[in-house]
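K.L.:
okay, sequence plus prediction incoming.
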Number of protein chains: 2
Amino acid sequence: MTTPDPSELTAQYDRALRDYDALVGRGLSLDLTRGKPAPEQLDLAADLLTLPNGEYTAPDGTDCRNYGGLQGLRELREIFSGPLQVPAEQLVASDNSSLALMHDSIVHALLSPVPGAVRRWADEPRVAFLCPVPGYDRHFALCERFGIEMIPVPMTPDGPDMAVVEELVAGDAQIKGIWCVPKYSNPDGTTYSDETVRRLAGMPTAAPDFRIFWDNAYAVHDLTEDAVQIADILAACAASGNTDRALVFGSTSKVTLAGSGVAFFGSAPDNVAWYLGCTAKRTIGPDKLNHLRHLKFLRDEDGLRAHMARHRAIIRPKFDAVERILSEQLGGTGLASWSKPLGGYFVSLDVPEGCAGQVVSRAAAAGIALTPAGATHPYGDDPADRTIRVAPTYPALGDVAAAVEGLAICVRLVATEQRLKAAE
Amino acid sequence: MTTPDPSELTAQYDRALRDYDALVGRGLSLDLTRGKPAPEQLDLAADLLTLPNGEYTAPDGTDCRNYGGLQGLRELREIFSGPLQVPAEQLVASDNSSLALMHDSIVHALLSPVPGAVRRWADEPRVAFLCPVPGYDRHFALCERFGIEMIPVPMTPDGPDMAVVEELVAGDAQIKGIWCVPKYSNPDGTTYSDETVRRLAGMPTAAPDFRIFWDNAYAVHDLTEDAVQIADILAACAASGNTDRALVFGSTSKVTLAGSGVAFFGSAPDNVAWYLGCTAKRTIGPDKLNHLRHLKFLRDEDGLRAHMARHRAIIRPKFDAVERILSEQLGGTGLASWSKPLGGYFVSLDVPEGCAGQVVSRAAAAGIALTPAGATHPYGDDPADRTIRVAPTYPALGDVAAAVEGLAICVRLVATEQRLKAAE
């Protein structure tokens, strides 16, 4: 792009203002805030609403109705073992929500030493986590809730900037963890390169109890038929002699039913024993009937892949619409750049520095709800005020298109206004 | 009873030894360890295995399949509001297991100050809980896991010995809680008197953040048609000006399905806001489809009461068998006393001091599994070695009878052996 001359800039701004006024006049009420499945996606799992269809016996003879079975149904763990790259015997199937398992893993580490730790984290003078940015606001909320200091690390197209990560963890024994969404990262869709995974697994850390929180939330959530592969973090850690370094999380929240799924925790045997030991005090066992329900519904890994293809058929057009409209409206303007994810639930839109908050406000005033600017950064503070997360799965296709068209107008308005002021 | 003369004592012992040898010869394999519902009880909730029967919309229009709804379905909370004596708007319906909610309440209190606290419990030099004994081993395990000191308090027929409780909590600001199972207490079946409830609610405590963990596990689990009533702890606390003192817990684990039930947390508004604020970081919401399933199955409080009557028809004969056999075998011998519960899941059997561990060992050697002696006390240590918990619900009626007959033989054997030795 070239910087337009002042009269052209004024004309651009005037056009944007007219378009924005018309947008406000439409009285929209649209929501691109959260990564929620659309009702049509939930309909794909309609069979879960009558399963287990009167049955209650697991393949191994367990009465799923009664207490017990802390690790969850073996046969369900086997389905997710491949996609999550965790041997079934090192995988725990739990209740709804991997967020809960991440929360509990931090709680357990705060209150009971993790394998290799000198002391529990609650007794450390300071606990810090590395937070690749942009990242997932609920990860950051967990840190904030537990008083864990967050250290931002920039993302690159290959994952977190490993030179920065390596230097930080080597020099500070109070850095106890890093948040990673390794595949189709929230929000920018980045997939970690094999080299990034290798370096994360192998890097020297000053903390003996450093943990990678490997939130593989989008392990099977491909937007293309050629599923992206990531390197096996547990194998990489074991190969480097850092066997206990990674904790793997996943769930069916965006596979079957968002509020009634099954979450998974996986790790090396020492960590699994530690996790189950702590968890045994909290519960006698997970909802095994929901495991049986999922087992009967998904059947096997092929069944899971086929089910995800049906999700893809619903949400791919929405992501295509975002890409098409942003290209049409903002392509070549130099006003914005955005991710073109191959999977996951989000598009990350970058606007000129200092504009994200205003764009979100303008959109809100026009009836288009967006995640607050800054939410993709620790403490809700994006120092560049640049990143906006777009979540296109929940609204109907037409609403996604209308919302993104409106969003593009807001970007043009705020960014040209900024340019005009700079030119004054 | 009168103490028998030595020859009579020897004869009693010889008889017990013969009976015990015959018992071992039968090669039994019976289990009276855990308070688990029997398969026939679980069958009562068979409809849950096909519900919600294709539907997913709550009465208020919520799509129960998707994220959200942290407090749980209102209509389900309304069913349990009366039995748990908590206004529906102050009740939280969650996932499986009240144990998890008790665990989380302690975790939250350790890591975030409870309303009225000077600091979070993790930063206290010492945290202690009062533990009425005999009590529930999983309560004690939670304390042990979190390094909370346990101070035993004797139970009386009216609940914990309130003179002891009042003196302790008035004089020690580090005593932050007390475990209470107010109705059909685990294991002795005691129901707290109204006066006990009033004193618990009103007593001065040195700690400003003292909490009663009110585990109303057996709120609707009556063994007679005349349900026992307990005083309303939240109302009593409010009336005393200690509004935030009590946290109420309950669940459907022994109402519908032990592994797939709904748990409840209830308290004063300040505590509920604190609990939900902490919980919001852990999860976006509970399994609302399981709430809908329970709502459709139980329908209303009358439906709940009718369902519990069907449980009573199954388990009452088992409790009657325990009472009958213990009376026949041990009545008038002076060798044992036991509780005659009007509800709940347990019978507490007291044997002569120093005998409980041996009785449990002898029973195990005869193929009758009992909860380890001492489990009813903090740290698994019953200083008098006297209390044995009997859980008669899970085995079939014939097995309960056989197991309790065997248990009575073990009591006669161990207790007469002790008397003989004392007489030597």
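P.N.:
Yes, it's here.
K.L.:
ok, residues contacting stretch A:189-198?
P.N.:
Residues outside stretch A:189-198 that contact it (CB atoms under 8 Å, 6 or more residues apart in numbering or on different chains): A:155-160, A:162, A:180, A:182-185, A:200, A:228, A:230-233, A:236, A:240, A:339-344, A:346-348. Every C-beta, even on glycine, is put in place using the N, C-alpha and C of the backbone.
K.L.:
tell me which element residue A:272 falls in.
P.N.:
For residue A:272, the host element (DSSP states H and E) is helix A:269-282.
K.L.:
if we can go back for a sec, just the contacts of stretch A:189-198: which are in strands?
P.N.:
A:155-156, A:159-160, A:180, A:347-348 (DSSP state E).
K.L.:
leaving out chain neighbours, which residue sits closest to the most centrally placed residue in chain A?
P.N.:
The structure's chain A has its C-alpha centroid closest to residue A:186; by CA atoms, centre = their mean the separation is 3.8 Å. Distance criterion CB to CB, 6 or more residues apart in numbering or on different chains; nearest residue to residue A:186, sequence neighbours excluded, is residue A:136 at 4.4 Å.
K.L.:
can you check residue A:318 too?
P.N.:
In this structure, residue A:318 finds its nearest non-sequential neighbour in residue A:392, 4.3 Å apart by CB to CB, 6+ apart.
K.L.:
if I read this right, the one you found contacts residue A:323, doesn't it?
P.N.:
No: Residue A:392 is not in contact with residue A:323 according to CB atoms under 8 Å; the separation is 9.8 Å.
K.L.:
quick one, which of these two is more surrounded?
P.N.:
Applying other CB atoms under 10 Å in any protein chain shown to residue A:392 and residue A:323 shows that residue A:392 carries more neighbours, namely 25 against 18.
K.L.:
and that one, what helix or strand is that in?
P.N.:
If you go by DSSP H and E, residue A:392 is not part of any helix or strand.
K.L.:
residues in contact with it?
P.N.:
A:32, A:315, A:318-319, A:321-322, A:347, A:400, A:404.
K.L.:
now those as TSV including secondary structure and pLDDT?
P.N.:
Shown next, in TSV, are those (DSSP: H, G, I helix; E, B strand; the rest coil; pLDDT from 0 to 100):
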residue	secondary structure	pLDDT
A:32	coil	94
A:315	helix	98
A:318	helix	98
A:319	helix	98
A:321	helix	98
A:322	helix	98
A:347	strand	97
A:400	helix	97
A:404	helix	98
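K.L.:
near chain B, which residues of the stretch 151-300 of chain A are found?
P.N.:
Neighbours of chain B within the stretch 151-300 of chain A, by CB under 8 Å from any CB of the partner chain: A:253, A:257-260, A:278, A:281-290.
K.L.:
strands of chain A, residue ranges please.
P.N.:
Ranges of strands within chain A are A:30-31, A:91-93, A:128-133, A:149-156, A:159-160, A:175-180, A:211-215, A:246-251, A:263-267, A:337-338, A:347-350, A:368-369, A:387-390, based on DSSP E.
K.L.:
nearest to residue A:23, out of those?
P.N.:
Residue A:23 sits nearest to strand A:368-369 of all those, at 8.4 Å, using CB to CB.
K.L.:
given the closest one, what are its sheet partners and their directions?
P.N.:
When sheet partners are counted by DSSP bridges, strand A:368-369 sits next to strand A:30-31 (parallel).
K.L.:
I'd like the mean pLDDT over the partner strand, please.
P.N.:
The average pLDDT within strand A:30-31 is 94.
K.L.:
so what's the gap between it and the chain middle?
P.N.:
Distance, stretch centre to chain centre, for strand A:30-31: 20 Å (CA atoms, centre = their mean, to the nearest Å).
K.L.:
residue A:250: what's it in contact with?
P.N.:
Going by CB under 8 Å, 6+ apart, residue A:250 touches A:80, A:83-84, A:98, A:215-217, A:219, A:263-264, A:266.
K.L.:
want to throw these into CSV with pLDDT and neighbour count?
P.N.:
Formatted as CSV, the contacts of residue A:250 follow (pLDDT from 0 to 100; neighbours: other CB atoms under 10 Å in any protein chain shown):
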residue, pLDDT, neighbour count
A:80, 98, 26
A:83, 98, 19
A:84, 98, 24
A:98, 98, 22
A:215, 98, 27
A:216, 98, 25
A:217, 98, 23
A:219, 98, 26
A:263, 98, 23
A:264, 98, 26
A:266, 98, 30
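K.L.:
could these go into a markdown table alongside distance to residue B:381?
P.N.:
Formatted as a markdown table, the contacts of residue A:250 follow (distance: CB to CB, whole Å):
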| residue | distance to residue B:381 |
| --- | --- |
| A:80 | 42 |
| A:83 | 47 |
| A:84 | 42 |
| A:98 | 39 |
| A:215 | 42 |
| A:216 | 44 |
| A:217 | 45 |
| A:219 | 47 |
| A:263 | 37 |
| A:264 | 38 |
| A:266 | 37 |
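K.L.:
any idea of the mean pLDDT in stretch A:101-115?
P.N.:
Stretch A:101-115 shows an average pLDDT of 97 in the prediction.
K.L.:
can you show me the CA trace of that stretch as PDB?
P.N.:
This file holds the C-alpha atoms of stretch A:101-115, laid out as PDB (Å, rounded to 0.1, in the frame of the first residue of the first chain):
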ATOM      1  CA  LEU A 101      -8.800 -29.900  34.600                       C
ATOM      2  CA  MET A 102      -6.400 -27.000  34.000                       C
ATOM      3  CA  HIS A 103      -7.800 -25.200  37.000                       C
ATOM      4  CA  ASP A 104      -7.500 -28.300  39.100                       C
ATOM      5  CA  SER A 105      -3.900 -29.000  37.900                       C
ATOM      6  CA  ILE A 106      -2.900 -25.500  39.100                       C
ATOM      7  CA  VAL A 107      -4.700 -26.000  42.400                       C
ATOM      8  CA  HIS A 108      -3.100 -29.300  42.900                       C
ATOM      9  CA  ALA A 109       0.400 -27.800  42.100                       C
ATOM     10  CA  LEU A 110      -0.300 -24.900  44.500                       C
ATOM     11  CA  LEU A 111      -1.300 -27.200  47.300                       C
ATOM     12  CA  SER A 112       0.700 -30.500  46.700                       C
ATOM     13  CA  PRO A 113       4.200 -30.500  45.200                       C
ATOM     14  CA  VAL A 114       4.200 -31.700  41.600                       C
ATOM     15  CA  PRO A 115       6.800 -34.500  40.900                       C
END
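K.L.:
what does it contact?
P.N.:
A:92, A:94, A:117, A:119-122, A:127, A:139, A:142, A:146, A:148, A:176, A:209, A:211, A:213, A:215, A:244, A:247, A:249, A:263-265, A:270-271, A:274-275, A:277-279, A:282, B:107, B:110-111, B:122, B:145-146, B:281-283.
K.L.:
next one: stretch A:415-424
P.N.:
If you take CB under 8 Å, 6+ apart as the criterion, stretch A:415-424 is touched by A:3, A:6, A:9-10, A:12-13, A:16, A:335-336, A:351-352, A:354-355.
K.L.:
ok, now with 6 Å
P.N.:
Residues outside stretch A:415-424 that contact it (CB atoms under 6 Å, 6 or more residues apart in numbering or on different chains): A:6, A:9, A:12-13, A:16, A:335, A:352, A:355.
K.L.:
buried ones only from those, please, as a ChimeraX command.
P.N.:
Buried residues within the contacts of stretch A:415-424, by 16 or more other CB atoms under 10 Å in any protein chain shown, are selected in ChimeraX with:
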select /A:9,12,13,16,335,352,355
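K.L.:
now for the contacts of stretch A:415-424: which two are most distant?
P.N.:
Spanning the widest gap among those are A:6 and A:355, at 19.5 Å by CB to CB.
K.L.:
coming back round to it: could you give me the buried positions within the helix holding residue A:272?
P.N.:
Of all the residues in helix A:269-282, those buried under the rule 16+ other CB under 10 Å are A:271-272, A:274-275, A:278-279, A:281-282.
K.L.:
which strands and helices sit next to it?
P.N.:
Packed against helix A:269-282, as judged by 3 or more CB pairs under 6 Å, 6 or more residues apart in numbering or on different chains; DSSP states H and E, are the following elements: helix B:137-145.
K.L.:
repeat that for 10 Å
P.N.:
strand A:91-93, helix A:98-111, strand A:246-251, strand A:263-267, helix B:98-111, helix B:137-145 (3 or more CB pairs under 10 Å, 6 or more residues apart in numbering or on different chains; DSSP states H and E).
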